[in-house]
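**Q** build me a structure from this.
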Amino acid sequence: MTVPIVEINLLEGRPPEQIRELIRRVHEAVEGALDAPASSIRILVREIPPAHWAAGGVTKDESG
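**A** Below is the predicted model of the structure:
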């Protein structure tokens, strides 16, 4: 059996309830799309600090 692993990177600052809802919905989508057993699905959510998130060489901290 293969283990589906989903990695999600987000800018930090969302409430825990919103992250939990994201996990629930992604889990349901993976379970349905892959017909994967619920216990095999892994979801990793990483929250990135604004000082470590950049676009065009400018961090989110610097751009506001």
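**Q** helices of the protein, start to end?
**A** For the chain, the helices defined by DSSP state H occupy 16-34, 60-63.
**Q** make CSV from those helices and add mean pLDDT and distance to Ile5 to it.
**A** C-betas here are computed from N, CA, C, even on glycine. Listed next are those as CSV, based on pLDDT from 0 to 100; distance: least, C-beta to C-beta, whole Å:
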stretch, mean pLDDT, distance to Ile5
helix 16-34, 98, 10
helix 60-63, 90, 26
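**Q** between those, which one is nearest to His52?
**A** helix 60-63 (8.6 Å; C-beta to C-beta).
**Q** Pro50 touches Lys60, doesn't it?
**A** Yes: contact criterion C-beta atoms under 8 Å: Pro50 and Lys60 qualify, at 3.9 Å.
**Q** could you pull up the contacting residues of the residue nearest to Ile19 when sequence neighbours are not counted?
**A** Of all residues not flanking Ile19 in the chain, Val45 sits nearest, at 5.8 Å (C-beta to C-beta, 6 or more residues apart in numbering). Each residue near Val45 by C-beta atoms under 8 Å, 6 or more residues apart in numbering is listed here: 8, 10, 19, 22-23.
**Q** so the residue positioned nearest the centre of the chain bridges to which residues?
**A** Centroid-nearest residue in the chain, with C-alpha atoms, centre = their mean: Ile8, separated by 2.5 Å. Listed by DSSP bridges, the beta-bridge partners for Ile8 are Val45.
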